[in-house]
Structures are given as structure tokens and as C-alpha cells.
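Q: One predicted model, sequence on top.
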Amino acid sequence: MFIVSPASSQQPECLRDIEVVEESGGRETLWSESVSYDDDCANEFPVVYGVALKGQHLTDRKEVSGKPLQRGVIYNVSATTGATGYGGGRFLIDADGRVKNLPWPSDDIQEDTSQQ
């Protein structure tokens, strides 16, 4: 199930586009759907993984029905909300079958300032 983080400064009412992709390996897409902006916000949060989005599906990109997720694999999720909002996250399913949210890797590059 996907929700909007309570810590988010944005609290969108609905979702129009979602994609779940393996973070490494073949970067396989496990779920991808997009619906028209004219659907009267038919897909409210929380959104359940793999459940088809309501509304007029867009045909300008390939859709992928929700495939089974594997334990120990890191997944990236990205979503578009409303007309222009967006967000995303990372997660994995641990050995006990629990979903764990993960932070994004740091983009900071540590420079080695030691004397050579």
C-alpha cells in the first residue's frame, strides 16, 4: 500500500501515474499505469500495489500490471499526483515479509583531502 508521508509538506488527494521499478539488476518495471487528468481524482490514497487505477488509461506509454515483488530486492516507486505534483521513494520487503521504507542514497561526494 502506498501513502503520502505524514511529514510531507504536500498532501495530494489522488494519484494519476505510478511506476515501480527494481533499483538494480535489470531495472525491471513491476507496475506501471497512467490515467487521464480528467478522471475526477478517482484514485485516492492509499493506493494498493497492483490494483488497477480507475479512469481512462493513457495509451502513450506501456502499462505493466502489478507483478509479484520479491523479498530482499530494493524497489523505486515514482508517482504523479494531481496535474503537476510528483513524489517517490524506495522500499524493500524484508525476510519476514514486512515492507521497509528506505532513504534515498546520498548524492554527496566525499572528497579525500589527506596528504599523499
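A: Great, that's in hand. Numbers count the residues shown, from 1 in each chain.
Q: drop to CA atoms for contacts and neighbour counts, all remaining ones
A: OK.
Q: what about the helices in this structure?
A: For the chain, no helices are identified by DSSP state H.
Q: Look up how far residue 38 lies from the residue positioned nearest the centre of the chain.
A: For the chain, the residue nearest the mean C-alpha position is residue 77 (1.8 Å; Cα atoms, centre = their mean). Plainly put, residue 77 is 23 Å away from residue 38 if you go by Cα to Cα, to the nearest Å.
Q: Tell me if I'm right that residue 12 and residue 81 touch.
A: Yes. Contact criterion Cα atoms under 8 Å: residue 12 and residue 81 qualify, at 6.3 Å.
Q: the more surrounded of those two?
A: residue 81 (20 against 16; other Cα atoms under 10 Å).
Q: quick one: the more buried one and residue 18 touch, right?
A: No. Using Cα under 8 Å, residue 81 is not in contact with residue 18; the gap is 9.1 Å.
Q: okay, and for this structure, where does confidence drop off?
A: Counting by pLDDT under 70, the ranges of the chain that qualify are 107-116.
Q: One more pass at 80, please.
A: For the chain, applying pLDDT under 80 flags the ranges 1, 3-11, 13, 39-40, 82-84, 106-116.
Q: ok, so what distance separates the nearest residue to residue 89 once chain neighbours are set aside from residue 16?
A: Leaving aside its sequence neighbours, residue 89 sits nearest to residue 77 (Cα to Cα, 6 or more residues apart in numbering; 5.3 Å). The gap separating residue 77 from residue 16 is 13 Å, by Cα to Cα.
Q: repeat for residue 70
A: Taken as Cα to Cα, the span from residue 70 to residue 16 is 25 Å.
Q: Then residue 43?
A: In terms of Cα to Cα, residue 43 sits 7 Å off from residue 16.
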